[in-house]
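**Q** from the sequence below, what's the structure:
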Amino acid sequence: MASKATTSPDRSWMETPPLSPTIRHLNGELLAHMPWLDKISSPLRGLVHKVFGQPGQVSYKIKDILNGVWLGHAVHPVFVTIPLGSWSASTLLDIVWLADEDDGIARGADLTLWLGIAGAAASAVTGLSNWVDTDGAEQRMGMLHALLNTGILSLDVVSAILRLTGQRRTAITLASSAYALSLYSAYLGGELSYSSGIGVNHVAWEGGSDDFVAVMDEAALEPGKLTRVDVVGIPAVVVRDGKAIYAMAATCSHLAGPLDEGRLENGIVYCPWHNSGFRLCDGSVANSPAIYAQPTFAVRIRNGKIELRRLEHA
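**A** As a prediction, this is how the structure comes out:
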């Protein structure tokens, strides 16, 4: 049975939101009608790239730290839990205070509000470092996410100041409004991570054989050339560097870019999409935006054929 076409003929499938569930469809349509976000994100993205510089520079090391290369896991989700948890507690304590105006409850609400503000600041910096290497619809969604979070943080800072001046009821109104906005902003963050795959390991689902598999003739491998091969359905990139032959997964762990179309410099393979760097010797991350190492393969030569066997889990 043929499905009914419901999309505009001049809209790319990349810009067409899913039809279900309804909340995802409405959210996608909303973003599609907000092209002005691109006018903000493009210059901001260029500025952030300029600040971080290029791999190998000291400033880029800061980006590596913010992305989580040292942790092997994105840092942004760790910090996100702080404001969401703290502001949930603060909102609950504010509601309790409205019932009996207890001073101890008020102090607890204020402390959790300030803790959330501190966590939000850390979350914003790490989120910016992740966002700068997105494109298209994800970049637009990330920009809306950032603008909402900026407004939420501003409302909470004003609320915290008003509490110090004794204007608690007005402060609670502002903080409650900020908390309501944070729920939608958190939804956008979830869309970026779980629906668009931003910050996840894009080779986590690729398997590999426990046995050696012949992939190409040794004589056909040119020195220094990144060559794509198939290992029982798994793409790998093979390269001869000096007398040694190395192989790693060809799908970049960052956003699934084709490493075989990248470049090899000083023993590091760079992705052509966002310049993620991986050490040829062991697949470890040389520089972000990638934070997950590339799976590598054991290499052997047998009867003139290059054979590969996957070594470790993603």
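**Q** how is this structure carved up into domains?
**A** 13-195, 213-310 (automatic domain parsing).
**Q** need those in CSV with distance to Glu206, can you?
**A** The C-beta positions use only the backbone N, C-alpha and C, and glycine is treated the same way. What follows is these, written out as CSV (distance: least, Cβ to Cβ, whole Å):
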stretch, distance to Glu206
domain 13-195, 18
domain 213-310, 5
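**Q** looking at those, which is buried most?
**A** The highest mean neighbour count among those, using mean count of other Cβ atoms under 10 Å, belongs to domain 213-310: a mean of 19.
**Q** tell me which stretches of this protein form strands.
**A** 213-217, 227-231, 234-241, 244-249, 263-265, 268-270, 277-279, 285-287, 297-302, 305-310 (DSSP state E).
**Q** same list, the ones you listed, but as CSV with mean pLDDT and distance to Ala256 please.
**A** Below are the strands of the chain laid out as CSV (pLDDT from 0 to 100; distance: least, Cβ to Cβ, whole Å):
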stretch, mean pLDDT, distance to Ala256
strand 213-217, 97, 21
strand 227-231, 97, 14
strand 234-241, 96, 10
strand 244-249, 97, 10
strand 263-265, 97, 18
strand 268-270, 98, 15
strand 277-279, 98, 14
strand 285-287, 98, 16
strand 297-302, 97, 18
strand 305-310, 97, 18
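**Q** nearest to Gly108, out of those strands?
**A** Of all the strands of the chain, it is strand 285-287 that lies closest to Gly108, at 41.3 Å by Cβ to Cβ.
**Q** show me what that closest one is packed against.
**A** Judged by 3 or more Cβ pairs under 8 Å, 6 or more residues apart in numbering; DSSP states H and E, the packing partners of strand 285-287 are strand 277-279.
**Q** the strand it packs on pairs with which strands, and in what direction?
**A** The strands that strand 277-279 pairs with in its sheet are strand 268-270 (antiparallel), strand 285-287 (antiparallel) (by DSSP bridges).
**Q** take those and lay them out in JSON lines including distance to Leu181.
**A** Converted to JSON lines, the strands paired with strand 277-279 look like this (distance: least, Cβ to Cβ, whole Å):
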{"stretch": "strand 268-270", "distance to Leu181": "39"}
{"stretch": "strand 285-287", "distance to Leu181": "35"}
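**Q** what pLDDT is listed against Thr7?
**A** On pLDDT, Thr7 comes in at 51.
**Q** same check on the one 4 residues further on?
**A** pLDDT, Arg11: 75.
**Q** so that it lines up with my notes, have the first residue be 22 from now on.
**A** Done: numbering now begins at 22, and the last item shifts to Arg32.
**Q** of all the strands of the chain, which one comes closest to Ser62?
**A** strand 306-308 (22.9 Å).
**Q** contacts for that closest one, please.
**A** The contact list for strand 306-308, computed with Cβ atoms under 8 Å, 6 or more residues apart in numbering, reads 76-77, 81, 85, 90, 289, 296-300, 312-314.
**Q** farthest pair in the residues you listed?
**A** Farthest-apart pair in the contacts of strand 306-308 is Gly77 and Tyr313; separation 20.5 Å (Cβ to Cβ).
**Q** of the contacts of strand 306-308, closest to Val224?
**A** Of all these, Val224 sits closest to Tyr313, with 7.3 Å by Cβ to Cβ.
**Q** surely the closest one touches Asn222?
**A** Yes - when contacts are counted by Cβ atoms under 8 Å, Tyr313 is listed as touching Asn222 (4.2 Å).
**Q** can you pull the contacts of the residue lying closest to Ala199 once chain neighbours are set aside?
**A** Nearest residue to Ala199, sequence neighbours excluded (Cβ to Cβ, 6 or more residues apart in numbering): Leu176, at 3.9 Å. Contacts were defined as Cβ under 8 Å, 6+ apart; by that measure Leu176 touches Leu195, Ala196, Ser198, Ala199, Leu202.
**Q** and for Arg249?
**A** Pro256, Ala257, Val258, Val259, Ala271, Pro279, Asp281.
**Q** what score does the residue nearest to it when sequence neighbours are not counted have for pLDDT?
**A** Among residues not flanking Arg249 along the chain, Asp281 sits closest, at 3.8 Å (Cβ to Cβ, 6+ apart). Listed pLDDT for Asp281 reads 97.
**Q** residue contacts, Asp281?
**A** Leu247, Thr248, Arg249, Pro256, Val258, Ala271.
**Q** try 6 Å
**A** Neighbouring residues of Asp281 by Cβ atoms under 6 Å, 6 or more residues apart in numbering: Leu247, Arg249, Val258, Ala271.
**Q** any chance of those in a markdown table with distance to Gly218 as columns?
**A** Below are the contacts of Asp281 laid out as a markdown table (distance: Cβ to Cβ, whole Å):
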| residue | distance to Gly218 |
| --- | --- |
| Leu247 | 24 |
| Arg249 | 22 |
| Val258 | 21 |
| Ala271 | 17 |
